[in-house]
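> here are the coordinates; sequence isn't available:
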């Protein structure tokens, strides 16, 4: 019989479990605190519980974990890329980036991805499976323990589409935020989606004020379909309507990720249309230099072209920044390293 992973349980579920075991409710809080605040992974080390109770727990329960398979350190900046080995043998990756304000981590929510964006390495083998809440938490905990630091920001922008693993991601966020665990602020979390419209509305209704980031990459539906298959399901107009709803419900600014591809989406007409559709929206545009991959034969726009695009958006009243390229010498772009490792 497969053991239940205690790391997947909310505080309420952990308390209820101990009540079912005939124990006091506060024992559940002690265990939750041990797992999520202390980031411990062995039931035998929960010395607040009697040895008898620990032995009883170990028969049917476990504290799941992932292990660091490889860590790559950038020689250019303080970026560190992790390959994590899951208990079933699958591999995921995460990135830790050091900034003046602290350390930010970009973490995965799925093994692989089924969204099929043409310039993304994560999706080339399709979706293998969803990560559990505990596995996503384990990315955070392992990075914090390895670097001996508390993360200042977490970005759900690694492998996978977070809104395609909706329930597990929401549970991860709630456990991460719980004051008896990491007590991590929702406002320091960014969730990136390629635009799963119904789930954006659902997320808005959760009343968790995280930052929503939309992978847009083109202001024209027909062009967007060519690089992002989800464009065949949801039009840009529908995504923007969902963003307006999200802003209204959360009072949070939405970010639009825009990978700048030479001759594809960096033209004058792209700039004009992007400015038009975002005018009046509480938003910010993050321009991203393309990370070339073997299967996509387009090139990234020049630094000057990206700066001109940024200046054009700024002049049209759209707050815009250019994302710093970090860890380029260690394949820090999402999906690149795992794919290289798996392919051997």
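Arrived safely. Since this is a predicted model, take the numbers as computed values, not measurements. Residues are numbered from 1 along each chain as shown.

> List the contacts of the residue lying closest to residue 73 once chain neighbours are set aside.
In this structure, residue 73 finds its nearest non-sequential neighbour in residue 80, 5.5 Å apart by Cβ to Cβ, 6 or more residues apart in numbering. For every residue, glycine as well, the C-beta is placed using N, CA and C. With contact taken as Cβ atoms under 8 Å, 6 or more residues apart in numbering, residue 80 is in contact with 71-74, 95-96, 147, 327.

> Next step: those residues restricted to helices.
Counted as lying in helices by DSSP state H, out of the contacts of residue 80, are residue 147.

> Can you report how many residues neighbour residue 289?
19 (other Cβ atoms under 10 Å).

> what residues are up against it?
If you count contacts by Cβ under 8 Å, 6+ apart, then residue 289 has 259-260, 300-301, 303, 306, 322-323, 325 around it.

> Of the residues you listed, which is the nearest to residue 6?
Comparing those against residue 6 with Cβ to Cβ places residue 323 closest, at 37.2 Å.

> State the distance from the closest one to residue 184.
Taking Cβ to Cβ, to the nearest Å as the measure, residue 323 falls 23 Å from residue 184.

> and if you look at residue 8?
17 Å.

> cool, and residue 244?
Residue 244 is 28 Å from residue 184, by Cβ to Cβ.

> before we move on, what about residue 63?
For residue 63, the distance to residue 184 - Cβ to Cβ - is 19 Å.

> Next: residue 311.
Distance, residue 311 to residue 184, using Cβ to Cβ: 36 Å.

> for residue 256, same thing?
Counting by Cβ to Cβ - residue 256 and residue 184 are separated by 25 Å.

> When those two are compared, which one has more neighbours?
Neighbour count, other Cβ under 10 Å: between residue 256 and residue 184, residue 256 has more, with 25 against 21.

> Show me what the more buried one is bridged to.
Beta-bridge pairing for residue 256 (DSSP bridges): residue 214, residue 285.

> Next: residue 4.
Going by DSSP bridges, residue 4 forms beta bridges with residue 61.

> Do I have it right that residue 168 meets residue 137?
No: using Cβ atoms under 8 Å as the test, residue 168 is too far from residue 137 to be in contact (10.4 Å).

> Thanks again, I'm all set now.
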